[in-house]
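**Q** How does the following fold in three dimensions:
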Amino acid sequence: MGPEGSEQKWGPRVTSYAFWNNKGGVGKSYLCFIASSEYAHRNKDVDVYVIDLCPQANVSEILLGGYQTSPNAMHELIGRASRATVAGYIEARLSSPFRQIDSVEPYVSHPVTVNKNVPDNLYLVCGDNLLEILAEAIRQTSQLAIPTDSWKKVTEWIKDLTVALAARSGNRPAVFMFDCNPSFAIYTQLGLAAARNIVVPFTADDSSRRAIENVVALTYGIGDDKVSAYSRISFSRRAKEEGVDLPLLHTFVSNRVTKYEGKPSKAFLAVANTIEATVSRIYRQHRSIFANPRSKPENAFITVPDYHGACIVSAMLGIPLHKMTAGPKQVAGERVQVNPVPLKTYLAALEDFVDAL
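**A** Numbering: from 1, shown residues only. Below is the predicted model of the structure:
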């Protein structure tokens, strides 16, 4: 849950999470898949929407069944008269930047129609590499002098999408999961402006620690003297001035942790401790940017051990956590063995992660 008062700002029936770190390769797309599919599985009365804001569209590929079915499914979505992707929605907004479009229905797909493993109450606004091509057009539109609030209107395009999708769900609560690109591109900013919370996956290396510092600097304008020097033109300053709500730091996921005799290896633990110390320092100085400001930040850390075999099978075949079983699997013509003991530990850690949302 967010801080007191946040329900009034966002509404009690809508919750949203941006999966983001300013570093690639930390497993954010897979964790977004796990979070969305498990949340939908546990809460049948809730509509879960995944909005894929990464041009690589990895979470879309997984949701649409992995390597076997996603290529044709994505080709079909992209080939529709109204491109049924997030880029299709952005194109529609570019055509009429400062008013709501008539319907968002053309941009929503239902992954269960091609991937029977995912829940029926899970929906997708598919990723699209065209998003990268549209980025400059989005940026230029946000800089128009007329209307005077053009930056705010453009920055809230994805938030507008969530409002329309929540209305689509009617009396059913809606939960939104945004898979964000590592870069702080304009489309990443649109995702952050639409989210209520940030989930920060990381791996135990110093580049992840620096990337978390960048998350705080880029989102909130908080950092060293160099960051302060640019605060006048920062995203956070503009958001504050124009009344754009920013998300709060919710959960930190130490992903793919190497374990030895059931415990994180000393090397991984040492680096993870430096990352936790960095977050604790930020918390002491800036509690207001945390979703749970009364709780110490170490309570927001989740550790997920490395079990690459299970992750590969799950991602390649689009199999959610609640459908994962041990045993031999066929993946791209190769036999992959999913062993029961590490799978049990892996699934328990991912359950803890979903519990935190």
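**Q** Only alpha carbons, please: show stretch 27-44 as CSV.
**A** Provided in CSV are the C-alpha atoms of stretch 27-44 (Å, rounded to 0.1, in the frame of the first residue of the first chain):
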residue,chain,number,x,y,z
GLY,A,27,15.1,-9.2,-15.2
LYS,A,28,12.5,-6.5,-15.1
SER,A,29,10.4,-7.9,-18.0
TYR,A,30,10.3,-11.4,-16.6
LEU,A,31,9.3,-10.0,-13.1
CYS,A,32,6.6,-7.9,-14.8
PHE,A,33,5.3,-11.1,-16.4
ILE,A,34,5.4,-12.9,-13.0
ALA,A,35,3.7,-10.0,-11.2
SER,A,36,0.9,-9.5,-13.7
SER,A,37,0.1,-13.2,-14.2
GLU,A,38,0.2,-14.1,-10.5
TYR,A,39,-1.8,-11.0,-9.5
ALA,A,40,-4.5,-11.9,-12.0
HIS,A,41,-4.5,-15.6,-10.9
ARG,A,42,-4.9,-14.7,-7.3
ASN,A,43,-7.5,-11.9,-7.8
LYS,A,44,-10.1,-13.2,-10.3
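**Q** all strands of this structure, in order?
**A** Ranges of strands in the chain, per DSSP state E, are 14-19, 47-53, 122-125, 174-180, 197-202, 248-257, 259-260, 263-264, 301-305, 327-331, 334-338.
**Q** now the stretch 51-200 of the chain, which segments are flagged as low pLDDT?
**A** The stretch 51-200 of the chain contains no residues with pLDDT under 70.
**Q** number of nearby residues for I62?
**A** Residues lying near I62 (other C-beta atoms under 10 Å) number 30. In this view, the C-beta of every residue, glycine as well, is placed from N, C-alpha and C.
**Q** right, and it touches A315 too?
**A** Yes. Between I62 and A315 there is a contact under C-beta atoms under 8 Å: 5.2 Å.
**Q** list the residues that contact both of these two?
**A** 30, 33 (C-beta atoms under 8 Å, 6 or more residues apart in numbering).
**Q** closest to W157 out of the strands of the chain?
**A** Nearest of these to W157, taken as C-beta to C-beta: strand 47-53 at 11.0 Å.
**Q** Can you get me the centre-to-centre distance for the closest one and its chain?
**A** In terms of C-alpha atoms, centre = their mean, to the nearest Å, the centre of strand 47-53 is found 9 Å from the chain centre.
**Q** With just CA atoms, put that strand into CSV.
**A** Provided in CSV are the C-alpha atoms of strand 47-53 (Å, rounded to 0.1, in the frame of the first residue of the first chain):
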residue,chain,number,x,y,z
ASP,A,47,-8.6,-6.8,-14.3
VAL,A,48,-4.9,-6.7,-14.7
TYR,A,49,-3.5,-4.7,-17.6
VAL,A,50,0.1,-4.9,-18.8
ILE,A,51,1.3,-1.9,-20.8
ASP,A,52,4.5,-2.7,-22.5
LEU,A,53,6.6,0.5,-22.8
